[in-house]
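# Following is a predicted model, sequence given first.
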Amino acid sequence: MRNAVYLLGIVVLILAVYAYDVTVKQRSLERAVHANYTNELTNASEKLSLLHSSISKSMLFKDEKALHRELDTIWRVSNDMRNSVSRLPLHQDVANDWMRYLGRIGDEAKRSAASKDTSEWRKKMEAVNGNLHALTEEWTVATANYFQQDGDFRKWSKITSDEVGDSSFAKVSADLKSFNETDFPLTASESDYQKKRELQHLMDEPLTKAQALERLKTVFPLISDATMTVTKSRDDAPYPFYHIQFVRGSRIGYADITEKGGHILSFLLERPMKNTALSHEEIVQAAEKAMADAGFKDTVITEMRENHIAWHFVFTRKVDDALVYPDSIQVKIAKDSGEVLGINAMEYIQKETIKEQELNPIDWSAFFGEGVVIEDEKKIYTENDAYELRLCYEVIARLPNKQYETFRVVVDATTHEVIQIDTLS
Amino acid sequence: MRKKLFIVFLLSMLFLQPQQSDAFSAQIIQRGAFGDDVIELQARLQYLGYYHGKIDGKFGYGTYWALREFQQAYGLSVDGIAGNTTKKKLVAQSDYNESFVKEQIAKGSQFTHYGGMPLEHQVKGGGTSASSGKNSSNSGKNNSSSGSMQLPANYTERDLQLMANAVFGEARGEPYEGQVAVAAVILNRLESPDFPNTISDIIFQPLAFTAVADGQIWLTPNERAKQAVLDAMNGWDPTENALYYFNPKTATSKWIWSRPQIKQIGQHIFCY
C-alpha cells in the first residue's frame, strides 16, 4: 500500500512537472505570436495614418515633381499596409476587402504617375480621402481592444470563432465593401476581362448531359468505354458546365465541358507510367495530333517542357503573324506512349477580339544596353496591367556575361512602353 | 586459324559498337528537355568551359547558349540542338565523370565539372539532398534529377515545394483532380487583388489553411502532390476559378457557406 502511494505520488509529480512544462512552452509561444500580431497591427495602423496623410498631401500639388514624390510614397505605403493586413488574423472577408481597397489605391497612384494625368487623380482621391478618414476612425475603434497591453491572447483567438458581424470589425467591413464599389468601380477593360473569365460571350445552344458525354468520347476516343459520372455545376457557378468524372481500368480523370456549345474547358487523367520514353519528335507529333483531333487548328507551339512522366506544351492562337497569348491552350502528353493526359482550353474558348493598333518600329540598339544580344523578336498580343489587349514586340534578349542571363521583354508596339520582363532560366 | 579469325571478328565488333552506348542516349536533345542526357550535355559543355551554370538536367537558355557557342567553335551547324553530330563531337572532345556528377546531384552539393581541374576541388559542399533518389524515365535512361522539375517562368522550386506541402497537408486523401484543385485555388488567389502577392504569404496568411494551423503542412509531400502542383502551375484549374474551398462535413463558419459555390470534388466544395 505504502509503495503504491509512493509510486502514485511520483506519477502525479511527473505529470505535474510535464503539465507545467507544456503550459510554460504554450505561454511562451502565445507571447511570441501575440507580439508578432501586435507589431503587424501597429504597423498597419501607422501605415493607414501615413497613407491618409500622403493622399491629402498629394492633393496640394499641381507640380509634376512634387506630386510624383507623393504618388511614389502612396504606392509604397499602400503595399506595405497590404502586407501587414495579410499577416493579421482578421476575418477572411475583412482582410480581402482591405487588400482590394489598398491595392486599388496603389495601382491608381502607379497609373497616375505613368500617365501624368493629375486631374483624374485629384478627382478620384477627393472621395478616397474622405473615406480613408472615416476608415481610420473606424479602424481605431475596432482595434482599440488589441492595444490595451494586457497580453490577453484570447482576444486574437476569438477572431477565429466569431462571425464578422458579431466582431468589432463589423463596421470596418461594411465600409470597405461600400468604398470598394463607390471609389473604384470597374473600368470598361476590367469589366470585359471579367466577362471573358465568366464566359459571358458564349452564345451557343445548350447541350444535354448525353450530348456532353458524346462530345467527350469523340475528342478522347481512348476513354469512350470508361465508366462516367456526370454532374452539373452548382447554380451559383458563373457559367454552367458539366463535370464528368471517369474511370477506365487504371485511368482516372475528369473533364469539364460547357453546357453552352459543349466546349472542353479542361481534361486531365492520371494513370501509372512506364519507365520508357518516346522520342521528342514523336511526343511533338502526338501533341499536334491531339490539338487537331480536338478541333484547335489555328494554334502553334509556343512553349514545351519535359518532366519525369510527361511533357507540358503551350499552343497559342496565331493571327496573321502575331501570337495571341490570352488565347492559349495547355496540353500534357505522356512520355511513355504519347497519350494525351490533359488539355486545358479555358482561355481559348472565348477568342479575343483583335483591334487595329499602330505598329511603330523600334531601334533595338538604342533601346537595349551595349552588348545585349537579341535572339528572337516576335509580334504578340498580350494584356497590359489595365487588362487591355495590346499588340507588342516580344524580344528574347541576353546579357553579355558568362551566365548567359536571358530575358523575355514585352514592349508595346505603339507606345514602346515595357509591359513585362521575365527572367528565363 | 579459324579461332584467330573469330577472335579478330569479336574484337572488331567490340570496337565498331556505337559510342552512344556509354554516352548519350539516341534522343535529340533540345530546349525544354530534361533528365540524364541534359545532365551529361551540361557536364561536357562545362568540362570544355562553355557552360557555367548549374548542372541540373534542365535544358534552359543557359545550356542553349553554351551549346551554340560550342557548335560555332567546332564548325558545326549552329542551332542549339544536340543531334548525333554534335553529341559525337562533344564526346570526342570532353570527359564525363557520370558517377561524380550524379553523386553530387543526389547529395544536393554545389559543384562544377570543369576540365583540367581535380574534381575533388570542384565541390563546394552545402545543400540538403534535393533528390528523392527515385528513378524515372528520361530519354531511355534513368533520371537522376528527380528532386527537381521544370516549371513555367515566374515559378520557383521553392514555390513548388511549399505548394506541394500545402496540397499534401490539405488534400492527400482526395482524388488527383481534388489535389490539382487545391493548388489551383492557391494560384487563383495569387492573381486576385483580394489576397497577398506571393505564394508563401498566401499559404501562411493567418486562418487561410487548416493544414498550416494544425501543422500538417510540414508533412513530407509525395510525388503525386508535386505532380498536382505542376499541373496547376501549367494552367489546369479543375475549380473553374475558385478562391475558396471547404469541407461541408466539418465547416463551422456561416460565412463560407454564403460564398457562391461552383462544384464539389471529393470532400471539398469549391466557391468564389
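Received it, and whenever you're ready, just let me know what you need.
# what secondary structure does residue 225 sit in?
No chain in the question, so chain A it is. Three-state call for residue A:225 (DSSP: H, G, I helix; E, B strand; the rest coil): coil.
# Quick check, residue A:94 in contact with residue A:174.
No - counting by C-beta atoms under 8 Å, residue A:94 does not reach residue A:174; the two are 10.0 Å apart. Just so you know, the C-beta spots here come from the backbone N, C-alpha and C atoms, and that holds for glycine as well.
# More neighbours: which of these two?
residue A:94 (21 against 14; other C-beta atoms under 10 Å in any protein chain shown).
# any idea how far residue A:416 is from residue A:367?
Note on residue A:416: its distance to residue A:367, by C-beta to C-beta, to the nearest Å, is 8 Å.
# wait, I meant residue A:228
From residue A:228 to residue A:367 the distance is 54 Å (C-beta to C-beta).
# Residue A:383 too?
Going from residue A:383 to residue A:367 by C-beta to C-beta gives 22 Å.
# ditto for residue A:69
On the measure of C-beta to C-beta, residue A:69 and residue A:367 end up 28 Å apart.
# Could you do residue A:328 as well?
27 Å.
# tell me the mean pLDDT for the top helix by length along chain A?
Ranked by number of residues, the top helix in chain A under DSSP state H is helix A:2-58. Helix A:2-58 carries an average pLDDT of 90.
# Please name the residues that touch residue A:384.
A:390, A:412, A:417, A:419 (C-beta atoms under 8 Å, 6 or more residues apart in numbering or on different chains).
# try 7 Å this time
A:390, A:419 (C-beta atoms under 7 Å, 6 or more residues apart in numbering or on different chains).
# Report the secondary structure element holding residue 99.
Let's take chain A. helix A:92-115 (DSSP states H and E).
# oops, chain B please
Using DSSP H and E, residue B:99 falls within helix B:98-107.
# packing partners for whichever helix or strand comes after that helix?
For helix B:98-107, the following helix or strand on the C-terminal side (DSSP H and E) is strand B:110-111. Using 3 or more C-beta pairs under 7 Å, 6 or more residues apart in numbering or on different chains; DSSP states H and E, the elements in contact with strand B:110-111 are strand B:123-125.
# do that again at 10 Å, thanks
Strand B:110-111 sits against helix B:98-107, strand B:123-125, with contacts defined as 3 or more C-beta pairs under 10 Å, 6 or more residues apart in numbering or on different chains; DSSP states H and E.
# Low-confidence bits of the stretch 301-425 of chain A, can you list those?
Applying pLDDT under 70 to the stretch 301-425 of chain A flags no residue at all.
# can you give me the strands in it?
Assigned by DSSP state E, counting those that start in this stretch, the strands in the stretch 301-425 of chain A fall at A:310-319, A:322-334, A:340-344, A:373-383, A:389-398, A:406-412, A:418-424.
# The stretch 101-250 of chain A: strands as residue ranges?
Assigned by DSSP E, counting those that start in this stretch, the stretch 101-250 of chain A shows strands spanning A:227-232, A:241-248.
# For chain B, which of the ones you listed is the nearest?
strand A:241-248 (5.4 Å; C-beta to the nearest C-beta).
# Partner strands of the helix or strand following that closest one and their direction?
Downstream of strand A:241-248, the next assigned helix or strand under DSSP H and E is strand A:251-258. With DSSP bridges as the test, strand A:251-258 is paired with strand A:241-248 (antiparallel), strand A:264-270 (antiparallel).
# Show me which of those strands has the highest average neighbour count.
Highest mean neighbour count among the strands paired with strand A:251-258 (mean count of other C-beta atoms under 10 Å in any protein chain shown): strand A:264-270, with a mean of 24.
# and the stretch 101-250 of chain A, which residues reach chain B?
For the stretch 101-250 of chain A, the residues in contact with chain B (C-beta under 10 Å from any C-beta of the partner chain) are A:101-104, A:106-107, A:156, A:159-161, A:163-165, A:180, A:184, A:197-199, A:231-239, A:241, A:243, A:245.
# Buried subset of the residues you listed, written for PyMOL?
To isolate the buried members of these in PyMOL, using 16 or more other C-beta atoms under 10 Å in any protein chain shown:
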select buried, chain A and resi 101+102+103+104+106+107+156+159+164+180+184+199+233+234+237+238+239+241+243+245
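# got a list of what residue B:209 touches?
Each residue near residue B:209 by C-beta atoms under 10 Å, 6 or more residues apart in numbering or on different chains is listed here: B:166, B:169-170, B:182, B:185-186, B:202-203, B:216-217.
# about what we covered before: may I see the strands of the stretch 301-425 of chain A arranged in TSV, with distance to chain B as well?
Shown next, in TSV, are the strands of the stretch 301-425 of chain A (distance: least, C-beta to the nearest C-beta, whole Å):
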stretch	distance to chain B
strand A:310-319	5
strand A:322-334	4
strand A:340-344	5
strand A:373-383	8
strand A:389-398	7
strand A:406-412	4
strand A:418-424	5
